[in-house]
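Colleague: give the three-dimensional model of this entry:
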Amino acid sequence: MAAISFENITKSFRSGLKRSTVLRALNLTVSQGEIFGFLGPNGAGKSTSIKLLLRFIRPDRGRILVDGLDTARDPFQRLIGYQPESPFFYENLTALETLRFAAKASEVQRSSIRQRTLDVLEKMNLSDAASRPIRTYSKGMKQRLALAMALIHDPKIYVLDEPMSGLDPLGRRLISDAIRELGRQGRTVFFSSHILSDVESLCDRIGILHRGDLLYSGSVEDFAKEASSLEDGFVHLIESHDNGEGN
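Modeller: Sure, this is the predicted structure:
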């Protein structure tokens with residue numbers, strides 16, 4: 001059974017009298033236990049796909065399955081740990097208070113909340129700042145706290161939208177190591193990123209989206225065979241599509 005399946009997903013938005021199609025018949029499968037990189041230029045439709053996956057918005061056509069559950073009718077949210085690209089916090093709260101709230105909202109057993117909170121704070125190297133108001137945190141610390149919130153209930157599937165955004169090299173290494181550990185534990189990680197070197201080192205497979213069309217889905221190794229790097233292959237694919245060579 002696949003962890004995530006987009007089945008013939010089409011989504012458009014109306015702007016005035018015009019309707020623009022953001023996704024066209026997207027078919028994409030993410031297997032259980034794999035680390036999957038979701039790539040594309042700005043405006044490709046990645047964030048829309050993630051919002052559809054989380055049921056924040058609804059497709060025009062098609063369906064999305066999470067661990068075999070139809071997101072249109074089945075409760076699936078507890079299976080997912082989500083890190084948004086631009087996380088929002090109540091900045092007068094501390095990280096401890098925020099994670100305790102997240103744990104309760106995610107139905108973590110009360111007897112486990114304290115230890116689970118301490119564990120994810122340590123994993124994200126935030127223990128020393130746990131009692132500080134979040135308003136005193138740097139952007140990178142907030143990114144790490146957002147991932148800690150995704151980890152708090154130990155879900156099967158992680159959906160991470162630009163998890164490396166705003167991180168210094170040490171922060172990127174920390175998040176990369178956390179993603180690798182999730183993969184070793186058999187968790188599924190579906191993440192978008194513009195940092196292709198991280199994708200190349202972390203991912204089992206990738207999907208490349210451009211202007212609402214899925215141009216590639218497969219292994220990083222197969223994709224990079226004809227290029228010196230993932231970045232070179234990515235740029236060539238996008239430029240070829242724009243020049244009509246992929247049609």
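Colleague: CA only for contacts and neighbour counts going forward, please
Modeller: OK.
Colleague: helices or strands up against the helix ranked longest in the chain?
Modeller: Of all the elements of type helix in the chain, the one with the most residues (DSSP state H) is helix 169-184. Secondary-structure packing of helix 169-184 (3 or more CA pairs under 8 Å, 6 or more residues apart in numbering; DSSP states H and E): helix 139-151, strand 188-192, helix 196-202.
Colleague: any weak-confidence spans in this structure?
Modeller: 245-247 (pLDDT under 70).
Colleague: got the contact list for Pro59?
Modeller: Ile9, Thr10, Lys11, Leu52 (CA atoms under 8 Å, 6 or more residues apart in numbering).
Colleague: thinking again about what came up before, out of the helices and strands packed on helix 169-184, the one nearest Leu118 is which?
Modeller: helix 139-151 (10.2 Å; CA to CA).
Colleague: what angle separates the closest one from helix 169-184?
Modeller: Per axes from the mean of the first three to the mean of the last three CA atoms, to 10 degrees, the angle that helix 139-151 makes with helix 169-184 is 10 degrees.
Colleague: chain center to the helix or strand that helix 139-151 is followed by, what's the gap?
Modeller: Counting by DSSP states H and E, the next helix or strand C-terminal to helix 139-151 is strand 157-161. In this view, strand 157-161 has its centroid 3 Å away from the chain centroid, taken as CA atoms, centre = their mean, to the nearest Å.
Colleague: re the thing from before, for the longest helix of the chain, buried residues please.
Modeller: By neighbour count on 16 or more other CA atoms under 10 Å, the buried set for helix 169-184 is Gly171, Arg172, Leu174, Ile175, Ser176, Ala178, Ile179, Arg180, Leu182, Gly183.
Colleague: for stretch 229-242, C-alpha coordinates in CSV please.
Modeller: Provided in CSV are the C-alpha atoms of stretch 229-242 (Å, rounded to 0.1, in the frame of the first residue of the first chain):
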residue,chain,number,x,y,z
SER,A,229,24.4,16.6,-11.1
LEU,A,230,20.8,16.7,-10.1
GLU,A,231,20.8,20.5,-10.5
ASP,A,232,22.1,20.3,-14.1
GLY,A,233,19.5,17.7,-15.0
PHE,A,234,16.8,19.7,-13.3
VAL,A,235,17.6,22.9,-15.2
HIS,A,236,17.9,21.1,-18.5
LEU,A,237,14.5,19.4,-18.0
ILE,A,238,12.7,22.7,-17.2
GLU,A,239,14.3,24.6,-20.0
SER,A,240,13.5,21.7,-22.5
HIS,A,241,9.9,21.8,-21.4
ASP,A,242,9.7,25.5,-21.8
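Colleague: got the contact list for that stretch?
Modeller: Leu196, Ser197, Glu200, His210, Leu215, Val220, Phe223, Ala224, Glu226, Ala227, Gly246, Asn247.
Colleague: hmm, back to that, can I get the contacts of Pro59 in TSV including secondary structure and distance to Ala25?
Modeller: Shown next, in TSV, are the contacts of Pro59 (DSSP: H, G, I helix; E, B strand; the rest coil; distance: CA to CA, whole Å):
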residue	secondary structure	distance to Ala25
Ile9	strand	5
Thr10	strand	5
Lys11	strand	8
Leu52	helix	13
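Colleague: which of these sits closest to Arg144?
Modeller: Among these, and counting by CA to CA, the member closest to Arg144 is Leu52, at 24.1 Å.
Colleague: surely the closest one meets Arg58?
Modeller: Yes. Under the criterion of CA atoms under 8 Å, Leu52 makes contact with Arg58 at 5.8 Å.
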